[in-house]
Structures are given as structure tokens and as C-alpha cells.
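> test case, fold it:
(chains A and B)
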Amino acid sequence: MSEATVPETAGGASPARTEPHHLRRAVLLWIVLSILGIAIWLVVAQFILPTEITDAGAFDNLTIVVFTVLAIPVAMFVWVFLGYSLFVFRTRERPTQDGIRMQPRLGVQVGWLGVTSILCLFLVIWGMFGLYQETSAASNDTLIVQVTGQQWLWTFYYPKYQISSAGQVLELPVNQPVQFEVTSKDVLHGFSIQALGVRVDANPGQTTTTQVVTPTAVGDYQVVCVELCGLYHTFMWSAVRVVSQTDFNAWIQSLGGQP
Amino acid sequence: MSVAATTDVGVHVKRRGFFQLLFPSVFSGIILGVIGAAVCGIIVSHIVSPPTPDVIDYTNDSTAVAVYAGWTIFFFIGIGAFNGIIKWGFGRKEPTLAEEQDLAGKDQGFWRYFRYTTDHKVVGMQYLATVLFTFLLGSLGAFSIRLEQSQPGALFFTPSTYNTIVGMHGILMIASTIIMVSGPFGNFILPIMIGARDMAFPRLNALSYWLLFTALPVFLSTLFLGGFQTGWTGYAPLADQGGPGQDAYAFTIILFALSTTIAAVNIVTTVLILRTKGMTWGRLPVFVWGVLLSVVLGLTAFPAFFTSQIMVLMDRVFQTSFFIGTMGGSNWVYEHLFWFMGHPEVYVIALPSLAIAAEIASVFARKPLFGYRLMVSGLVGITVLSFIVWGHHLYTSGSEAAIGGPFMLDTELISIPTGVVFLVLVGTLWRGKIWVTVPLLFVVGLLVNFVIGGITGLYLADVPTDEILHGGMFVVAHFHFTLVGSMVFGFMAGFYYWFPKMVGKRLDPFLGKLHFWLFEIGFVGTFSALFYAGLEGEARWQASVPPEYAVPNLIASLFAILIAASVFTLIYNVVMTLVRGEKAEANEWGAKTLEWTVPTPVPLENFEELPVITSDPYNYGEPEAEEATVGAAPAKAELQTEG
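Residues are numbered from 1 along each chain as shown, chains lettered A, B, ... in the order given. Model prediction:
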């Protein structure tokens, strides 16, 4: 049976006048629930998004908020039409009649493809913009920290002061750009400080340079290993302390370096 | 139990006594396989010189690999895979009808399920039983994980045991989901659906199943060899470090990749050449499209995985250094090989499940698909794009920052064909006469969960956000939403849908609905909690939950109890149905695809007369088309093109 011989009925054009206008109802429901969903998300997001103390991290949080706002109408579209179908068009017994023959009209197809393509294009452009922001080169005042992973601990070396941190603690001065050079002695490790928005694999025999980030809030954070690296992978974490410049200088001095 | 005795000297075609039943069968295979394994192991462990102190001890690894190779080869000799090759090979002699039917398990009753049987229906049932078994094993792993993660600190397992459990759970479930549709339904249902009497290569079909069977003991042997520490991804160089348990992992993958590759070749050939008259590409049921595209994808993807594990074994046994950075190798080689399989693989899993969903949506809405061509082009679009998205697993690998942009584009593009599939499925249900059955409930569950799985994928596809989520629980929750919440739900829909045809009995619908609701609520609860934990920064693979993530993990573990209850409901339902279920009708659901036109149980050669197809199987709402779908076979009807 070719599609041409079949009367093409669009999504909701009701064949009988006595029936309620299903399409209109479903669309109305969809709009209401989407707005409601977005409103709820904007409130909830305040509480569940992770703490980020760099521009890169803040941009990641913004990305999550924006993507979710875009995604809620899409999800609601599927759920509302699905739920509406199930509740309104269900039959109590095994149906004896067939449903209405429908084929998607060209407009529906083009419209659907168009909307999804535009959304997709937006996501790509947004992502490219985010990627571009990460490419800023290290300036003279950037603090370089060489990070070495090994089973199962991290070592942090500050070439500027020619010292290694003791007790696997990473201290960073607040409001100072910092860049990590990450490598590994044995197997793959994953160097991750979520609060800074920094995450990169530590590869044996290779040094990977991260983006330059500037922590903007004093506090205690964590380096976590995010690639399975064997037996004690779970316990391969270090404390990150973002402190004021004077505290940082004192800490460098206590390790024998010249601030 | 006896086949008409002939004077032929063939091994099978003889009067059958007790020993003829055992030899060849899976039991003779196991006996010979164990003997072969022991002999090969002993020989190799004596040949390989003991290690000098400055070299890593590799005797265990070479012995382990020898044992596995011996087991595999001698198992196949024992089960009779090579019987008749000399006689029939090289075109010297054609097998007679009696011989072929004997190979296909004619008149062998239940015993045919334990032999090297070529009948596609037997292979399908073997696959189904195996998949359910491996799912059960994998879910035991899952519940162990949730138990361990319910509280911070080491509760039940050492980190070593925990890592092994996570890895075994992962690879078991991945392997099971890869074959869960194209194995059972692709073998049992697909040939009938296209109007064929069997698969194109019946003996390869048996080979593909029994390769899977030989992989199972190899895999489980890792439990006695210290397990493996790498998780399901088997990342090298960590894989180069571990004990012989790692060899078990690598060899399992080799056998599994062989099995799926052979099955894929078979399915592709079957669909290409064995379609009945009038079964044009435009009338092919969507399920056939889904399985076909899935195995085509698998054909290109799995060799990469196969190769990577051979290289790991070379590193371990012959001391090469493909993946050891300090000796000129690169771990990125492994990562790319692995994910070149690893991403297409999720679409290998997804395509047939989405196709099942389309099949079922049309039947239970009593409506044609909302755009047959749209659905097929959606599936084709996903297939093509999924070849070029593997790099998104390597955004943070540090291998090359420039790959981020293109792979982000490809990955996000794939949401367009996926959106088309959603449009078709939702559009098919819209304004139907919806008969809410268990299969349909699972399709609805698939759609609900797949929306969440798909949307959370967007954050991971975006390179900057991936940098706060990669390697965390968010990823875990995301792929469980797609693989379990969507694709396993699709498998379950197919299971409830085709069970009456495959087994001939009717599953209890009340227990089926209970299974669905327990599974859906438990599943969404568990993995929503893990989404939250991941967003807050909990890393993956943690043997002990850090205290700050205790609450979401406890919630996840509590919801997992519901999933466990759903598993027991399913087992109870299947067992009780097998014991005393009602007999199902030949066309249990009033569907129009060909598998419902044949009697239950399906006869050995499926059709008395091959049907001729005049329309696609979704022509609901056209009374005059009811009878036109399947006509009697006119002797020389011309192949009809789509009109």
C-alpha cells in the first residue's frame, strides 16, 4: 500500500465533530507543563548544582541550566502526548476496531526535523563557544603546578618555587590563575577538581596541560581520581585548599620555598 | 527418538542409543573440552621457561591462555561441530535431506537444545535461556554493588573483590544486552518474519551460539584467578598489570566478539537473500530493519574490540608493549580501539530495541506506523552517525584537544534521527485504539526513560560540561537510563510479546504488570538518586562511598530493592507459566507480521508454502487489506516491487 492512496490525516484533525479536539488539549497541556517544569527547574537548580569557584566551572553550571531549560519542553512533548494517548485512547478490552490511519504530513516531518536541527545547532554553537573560552593561553603570572599520578596517590610540584607539597595537599592562592601539567608514572589516572571545572586524564609517558583557571573563593575542595586505576583507586584523593595569598606564601615558606 | 535408519555412514543418521545421544552433545563437548584444556595447559606450562628474576612472571598468563584455547577447540570437537566437514566439505557430497533434518534436531525432542542443532528456533531458545541466565548473574552483581554502596566505608567486600564485581557486572550486562534482541528474537523470529525456512548459514548459527556458551566458563574462571581490576572497559596499561584473571576477561571478549561477528554475518546474509516473494525493502518489518542495522554496525565495531584484546594478550603473554607508554606504546591506542567498538555498541543495543518498540506500538495501537519510511530513515541515520561519535568518550583523555569540536558536533547530530524515532513512536500511539498490555507498558517505559537518558547525554556530549561530569556517577546513571531503562525495557517488551509464540504459553498479565511497575519505579528511583550524586561530584568505581554522598547512595540502594523484587516477579512468572501456563493462540495479539501466521509450536521448516507479501505488515484500519497481506504462493509470481 503506498502512502499516496491513503487519506493523510494530520496529528489531531478529528474525524468526527462530536469528539473533543484532542490535539488542542494536548498542546495546551504541553505548554502549561513545560512552563511549570522550567519554573520548577530554575528553583531546584539553585540547590542541586555543584559548587564552582572558577569562570569555567560557572559556565558549566550555566550550560546545565540552559540545556535543561531547552530540554524540558522536548521531554514534556513526548511525555504529554504519550500520557494523553494512554489515558484517553485506551480501550478496556481487546480492541475490535483499528485506530485511525495517519501518516505524517510533509509539514510535520519538516517541522520536526527543523526544530530538532535548530536545537542541535544551538547546542553545538554553545559548546564551541565554551571550548573557545578554555583556550586562553597561560600568562606570565600563571601559577604552574605539575601533577603526577601514581598508584595510588597524587604528587604536586611547584616549579616556580621548586618544592613539592607535603602530605599530598594541593594549595592554591585565591584569584591567581593556575594551570596544571598532568602526567602519570604507571597506569591511567583521572585528575579531577570539580570545583575548578578541571578534569583530564593522567597518561603514563605523556604530559597534558589543562586550561588556565582562576579560583575565586577560599575554601576546601578535593582532587579525585576518576579513572579506575586498580586496587585502591577509591582512596586516591587529595585535599585542595584555596587560601589567601599571604597564607599561601606562608605555606610555601614552611615547605622551604622562596615566595 | 530414532530417525529412520539409512545405510548412510553419516555420524548422526543412525539408530540412537544412550551413547549416541550423549555423543555428540554438549556433555561430550564439556568432557572433551576439559580434557583438552588440561592437556594444553600442562604442555604449555612445561614449555614456557620459568621467568628470570628481572622479567615479569608470564607463565601463568601463557598457561591460562593455553587452557582457554584448548577448552574452546576441544569443546567444539566434542560437540560435533566438525562432524561431516570432510564428507560434505569441498563439494564432494551433498548432505541428504535426512541428514540435514537430523542436524536441525528433527524428532529429538527436548534433547535438541543440548546439541549442535542448526534449527534457528532452537538456537533462538538457547540464546534466550542464556541471556536470561547472564542477566540474572549480572543483576546479582548489581545488587552486590548497591549493597556495598548503601553505606560509606567497606561493608562486605575488599576493594579487590568490589572492583571485580563491578567489572563482571559491567561486561556481563553489556554482553547480554548486545545479544539480548538479535540473539533470541533475531534467530527465532526474524527468519519467520521475512518468510524464510531457516537462516542462511544454519551451522554458523549453531557455532555463534556455542561460542557464546564456551565464553561463559572462561569468563567465570576469573573468579578463581583473582578477578580483574580494570572494570568492564579493561583499560590498558592497567590490564597489562593484573593477574591471570585479566586473561579470562580478554579471552572472553575474543570468544564473544567472534560469536557476535559470525551471528552478524549470518543475519545480514539471511535478510539479503532469504526474503520471501514480495518482501521488498519497503515492506520489511521494522524489527528486521532494526536487527539488520544493528548487526551491520556490530560487524564493523566488534573487530576493533577483538583486536584490542588480542593486543592485550600479546602484551601479557609475549611481552609486547602496545599499550605501555614507557616502552613506546600508548594507552590511547587501547582507548580508541575500545571506544571505536564501545560507542557503536550502545547503538547495536539500541536499534533492535527501538525497532521492537515500533513493532509493538503499531500492534497495540491498532494503527499503521506513523511513517514507516521515517522510522527506517531514523534508524539508518542513527547507524551512520554512530560510527563517528566514539571520540566523545575521550574528551578528557588528553590525547588531542582538537577532536573535541568535531566529535561534539557528531554526537549532538545523533539526537536528530533519534528525535525522528520518538516522533514515529509517539505518533503511532496517538489516536490509536490502545490495548494496554504488558509489552505496551514496557514500550511506554522505554519512551519515558529514553527521554531522560537522551537528555542527560547532552550534558556529557558538551565538552566543557563533560569536564565536571566525566568519570562520575552522572555517567553511570546516564548509561543505565539508556541501556537498562530504555533498551532492556525494549527487550522485556519483546520478551512478553513473543513469549507466546516462542514457548506456546501465555505469561500471566497481572504478574507482568507488577514486574513492570516494580522495575520502572525502582529503576527511576535508583538512578535519579545517582544522577544527583554524580552532579555533586561522586566519582565512578568507588569501592567505598565517600560520606558526603551517603544519602543519595542509600536512596539508590533502597530503590534497588524494588528492582530485585521485579526480577523475582519475572522469574516466578516464567517458571509458573512453564509449569502450568495456559496455551497461547497462534496469533496471540492479532498482529500482522508473518511469525503470527504460522502455528505454535512452529513447525521445523516454518511454512508449508512460502507466503507472498503484498503490503507492509502495518496496514491496520483497512478492512479489505486484512486478507491481502499474505496470499498463497502462486507458482511463478513476479517479484513485486513496492507500489
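> so does the helix ranked longest in chain B get close to chain A?
Using DSSP state H, we find that the single longest helix of chain B is helix B:331-365. Yes - legend: contact between helix B:331-365 and chain A by Cβ under 8 Å from any Cβ of the partner chain is shown at B:331, B:332, B:365. Every C-beta, even on glycine, is put in place using the N, C-alpha and C of the backbone.
> helices or strands next to that helix in the packing?
helix B:159-179, helix B:184-193, helix B:286-317, helix B:372-386, helix B:415-429, strand B:434-435, helix B:438-461, helix B:489-502 (3 or more Cβ pairs under 8 Å, 6 or more residues apart in numbering or on different chains; DSSP states H and E).
> quick one: it to helix B:489-502, angle?
Using axes from the mean of the first three to the mean of the last three Cα atoms, to 10 degrees, one finds that helix B:331-365 and helix B:489-502 are set 50 degrees apart in direction.
> residue A:225 contacts residue A:236, correct?
Yes - here residue A:225 lies in contact with residue A:236, judged by Cβ atoms under 8 Å, at a distance of 3.9 Å.
> what sits in contact with each of those two?
Shared contacts of residue A:225 and residue A:236 (Cβ atoms under 8 Å, 6 or more residues apart in numbering or on different chains): A:149, A:152, A:154, A:189.
> which ones among those are found in strands?
Applying DSSP state E to the shared contacts of residue A:225 and residue A:236, the entries found in strands are A:149, A:154, A:189.
> burial count for residue A:100?
21 (other Cβ atoms under 10 Å in any protein chain shown).
> re the thing from before, residue A:225 and residue A:236: who's more crowded?
A direct count of neighbours by other Cβ under 10 Å for residue A:225 and residue A:236 places residue A:225 higher, at 28 against 23.
> which ones are touching that one?
A:149, A:152, A:154, A:189, A:190, A:191, A:192, A:233, A:236, A:237, B:539.
> mind listing the strands for the stretch 1-150 of chain B?
Ranges of strands within the stretch 1-150 of chain B: none, based on DSSP state E, counting those that start in this stretch.
> for it, which spans come out with low pLDDT?
B:1-16, B:49-59, B:91 (pLDDT under 70).
> go again using 90 as the cut-off
Across the stretch 1-150 of chain B, residues meeting the criterion (pLDDT under 90) sit at B:1-26, B:44-63, B:80-112, B:115-116.
> mind listing what residue B:437 touches?
By Cβ under 8 Å, 6+ apart, the neighbours of residue B:437 are B:364, B:496, B:509, B:589.
> filter these down to the buried ones, PyMOL style.
This is the PyMOL syntax for the buried subset of the contacts of residue B:437, where burial follows 16 or more other Cβ atoms under 10 Å in any protein chain shown:
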select buried, chain B and resi 364+496+589
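> which ones are touching the closest residue to residue B:592 other than its chain neighbours?
Spatial nearest neighbour of residue B:592, chain neighbours left out: residue B:617 (4.4 Å); criterion: Cβ to Cβ, 6 or more residues apart in numbering or on different chains. Residue B:617 makes contacts with B:283, B:285, B:591, B:592, B:593, B:594, B:629, as judged by Cβ under 8 Å, 6+ apart.
> can you add neighbour count and secondary structure and give those residues back as a markdown table?
Shown next, in a markdown table, are these (neighbours: other Cβ atoms under 10 Å in any protein chain shown; DSSP: H, G, I helix; E, B strand; the rest coil):
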| residue | neighbour count | secondary structure |
| --- | --- | --- |
| B:283 | 21 | helix |
| B:285 | 27 | coil |
| B:591 | 21 | coil |
| B:592 | 21 | coil |
| B:593 | 23 | coil |
| B:594 | 25 | helix |
| B:629 | 22 | coil |
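> widest-spaced pair of those residues?
Of all pairs drawn from those, the greatest distance, 15.0 Å, lies between B:283 and B:591 (Cβ to Cβ).
> tell me the predicted confidence for the residue most central in space within chain B.
Centroid-nearest residue in chain B: residue B:179, 1.5 Å away (criterion: Cα atoms, centre = their mean). Residue B:179 carries a pLDDT value of 94.
> and residue A:71, how many neighbours does it have?
22.
> go on, residue A:64?
Residues lying near residue A:64 (other Cβ under 10 Å) number 21.
> figure out which of the helices and strands packed on helix B:331-365 is closest to residue B:44.
The nearest among these, by Cβ to Cβ, is helix B:286-317 at 9.8 Å.
> distance from that closest one to the middle of the chain?
12 Å (Cα atoms, centre = their mean, to the nearest Å).
> kindly report the same for stretch B:307-325.
On the basis of Cα atoms, centre = their mean, stretch B:307-325 sits 27 Å off its chain's mean C-alpha point.
> fine, thanks again, bye for now.
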